[in-house]
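In: got a predicted structure plus its sequence, pasted below:
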Amino acid sequence: MTTAPASISTPTGTADEVRVRFCPSPTGTPHVGMVRTALFNWAHARHHGGKLIFRIEDTDAARDSEESYHQLLDAMRWLGIDWDEGVEVGGPDGPYRQSQRGDIYQDVIEKLKASGHIYESFSTAEEIVERHRAAGRDPQLGYDGYDRDLTDEQKAALRAEGREPTWRLRMPEEDITFTDMVRGEITFKHGTTPDFVVVRANGKPLYTLVNPIDDALMRITHVLRGEDILSSTPRQIALYRALIEIGVAQRMPEFGHLPYVMGEGNKKLSKRDPQADLFLYREQGFIPEGMVNYLSLLGWGYSADEDIFSRAQLVERFDASAVNPNPARVDLKKATAINADHIRLLPEAELAERLLPYLQAGGVLGEDVTEQQRALVAAATPLVQTRMNLLGEAPELMGFLFTADEDLEVQDDALKKLGDDPAAVLERAITEVEAISEDAFTAEALEPALRGAIVDDMGVKPRLAFGPLRSAISGRRISPPLFESMELLGKPSSLARLRSLHARLAAEG
RNA sequence: GCCCCCAUCGUCCAGUGGCCUAGGACACCGGCCUUUCACGCCGGCGACACGGGUUCGAAUCCCGUUGGGGGUACCA
């Protein structure tokens, strides 16, 4: 419809290179819905060998914060969502923070004014409603285009009243149709999208203006964003057309609107909802692999019968057109289960490393971790790997291995249902353990010795034979495997713990 | 009010006219394994919102109804 004007920016890459962007506003803490959008854009770029541009839309000084900006970077890096151009890394179309692009917008605004695509509007909201009423129209209809063809004299008169005009875009006199990557063809009927404000009375541009300008200048080819702005797409398309006509944009990008991420029930996940806060997941011990996997499942499926996959597999198969258009609800249980699968997939040494900060946070390890402690964590890791859904469970699971014998507290729960004579069981266990030499103190040696003595010889059922030992060793009713735990603790410590509980039970009679 | 989007098990995802007596996952319920708890394995429960079309044939296409959601700002 319009001829493509000469580019005003430096083209990079090939003409058909896929260029997508992630452009959040730095308000509040990273939200899982927003992160899912980033992830899908990233996957789309990587799948097509394209570029991801990371831009910050900080045009709202009142709500934006530097802290939030840093959290955004943190979130992206944690999940391994890397970008090719944008904040921190630079690129040919910077700066990448809108707050630093004022001059660029002013330049485009002047062109838009000169070309007549935008015009001054003096109408107040009240006046618009009043005109609708007077004409017998629905007062809830939006702006009526009243100022479209004001003469210079009229404008001067309005100004003389002390009015400061906003600038509105002249919407085209036709339906606006586009093919949404996830929803197919969508048409907004002519007349349902009024001329909208693009420049405030104070001269500051609005989101609806700067977002398409930046997309145009950064030569974005695919706009993948949340469903919440689906209905503002006709406005952006109209503006984009104007930008093409004045030579700022080269071509219309494709749009795709990702479904909402909902909380329980039918409520959109709100900012203050704990399920919405990405960092809360990290604190609990979600690992990036699990998080990326789960987030990908919110609106997309890897295959008909598998839903555990890696980042590489996501990239290999991701396709924006295969995204499901209906809203997805966050299911913490499923997210946790998927995380658990990824924990099990981790190499032991890797898991051990990742456990460290959680053990520190849980008070099991101090700020300085000794080589010995590190080695013990590594040795204990295979024991807990299949018993953990979240890394944050590590302190509870492994704490007893790092507790001094005299500090070990046997929980009440671990004192119940220990059989008829747990003291006798412990006494026998002590005898057996004493007989095993320190350099042969292994699970392989302990298991047959203790089983032979207590189960076979004393005739105690396995459950009741090992229950008291478990309580003595770990202080809890549920623990990692008993014999392996004893091996890790070593003979002196194991013996001390067995004796301690034995003495206590004997004293209590 | 007007505009737009959405509609398969409790939840997420498969399904793009016949392979569907609708598949997988999580959750749930049984069972096996077993020194506890897990892991693993086996089995069970459980859905095409409704009504009309189109078609030899519809979860799949069309229309309507109902129900959800979003927009309608000098927010993004």
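Out: Yep, that arrived. These figures come from a predicted structure and were not determined experimentally. Residues are numbered from 1 along each chain as shown, chains lettered A, B, ... in the order given.
In: and the stretch 401-509 of chain A, which residues reach RNA strand B?
Out: Selection of the stretch 401-509 of chain A residues close to RNA strand B by C-beta under 7 Å from any atom of the strand yields A:443, A:447, A:462-463, A:466-467, A:470, A:477-484. All C-beta spots, glycine's among them, are computed from the backbone N, C-alpha and C.
In: buried ones among these?
Out: Of the members of these, the ones counted as buried by neighbours, 16 or more other C-beta atoms under 10 Å, are A:447, A:466-467, A:470, A:477, A:479-484.
In: okay, these in a markdown table with pLDDT and secondary structure next?
Out: As requested, those are exported to a markdown table (pLDDT from 0 to 100; DSSP: H, G, I helix; E, B strand; the rest coil):
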| residue | pLDDT | secondary structure |
| --- | --- | --- |
| A:Glu447 | 96 | helix |
| A:Phe466 | 97 | helix |
| A:Gly467 | 96 | helix |
| A:Arg470 | 97 | helix |
| A:Arg477 | 94 | coil |
| A:Ser479 | 96 | coil |
| A:Pro480 | 97 | coil |
| A:Pro481 | 97 | coil |
| A:Leu482 | 98 | helix |
| A:Phe483 | 98 | helix |
| A:Glu484 | 98 | helix |
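In: mind listing the strands for the stretch 151-300 of chain A?
Out: According to DSSP state E, counting those that start in this stretch, the stretch 151-300 of chain A carries its strands in the segments A:166-169, A:176-180, A:184-188, A:197-199, A:222-226, A:254-258, A:261-262.
In: got JSON lines for the ones you listed, with distance to RNA strand B, mean pLDDT and mean neighbour count too?
Out: Converted to JSON lines, the strands of the stretch 151-300 of chain A look like this (distance: least, C-beta to the nearest atom of the strand, whole Å; pLDDT from 0 to 100; neighbours: other C-beta atoms under 10 Å):
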{"stretch": "strand A:166-169", "distance to RNA strand B": "5", "mean pLDDT": "97", "mean neighbour count": "22"}
{"stretch": "strand A:176-180", "distance to RNA strand B": "7", "mean pLDDT": "94", "mean neighbour count": "16"}
{"stretch": "strand A:184-188", "distance to RNA strand B": "4", "mean pLDDT": "93", "mean neighbour count": "12"}
{"stretch": "strand A:197-199", "distance to RNA strand B": "4", "mean pLDDT": "96", "mean neighbour count": "23"}
{"stretch": "strand A:222-226", "distance to RNA strand B": "8", "mean pLDDT": "96", "mean neighbour count": "21"}
{"stretch": "strand A:254-258", "distance to RNA strand B": "7", "mean pLDDT": "96", "mean neighbour count": "22"}
{"stretch": "strand A:261-262", "distance to RNA strand B": "7", "mean pLDDT": "92", "mean neighbour count": "21"}
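In: now those strands as JSON lines including distance to A:Asp407?
Out: As requested, the strands of the stretch 151-300 of chain A are arranged in JSON lines below (distance: least, C-beta to C-beta, whole Å):
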{"stretch": "strand A:166-169", "distance to A:Asp407": "69"}
{"stretch": "strand A:176-180", "distance to A:Asp407": "61"}
{"stretch": "strand A:184-188", "distance to A:Asp407": "64"}
{"stretch": "strand A:197-199", "distance to A:Asp407": "67"}
{"stretch": "strand A:222-226", "distance to A:Asp407": "51"}
{"stretch": "strand A:254-258", "distance to A:Asp407": "51"}
{"stretch": "strand A:261-262", "distance to A:Asp407": "44"}
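In: farthest-apart pair in the buried ones among the residues of the stretch 401-509 of chain A next to RNA strand B, please.
Out: Taking C-beta to C-beta as the measure, those span a maximum distance of 19.9 Å, between A:Glu447 and A:Arg477.
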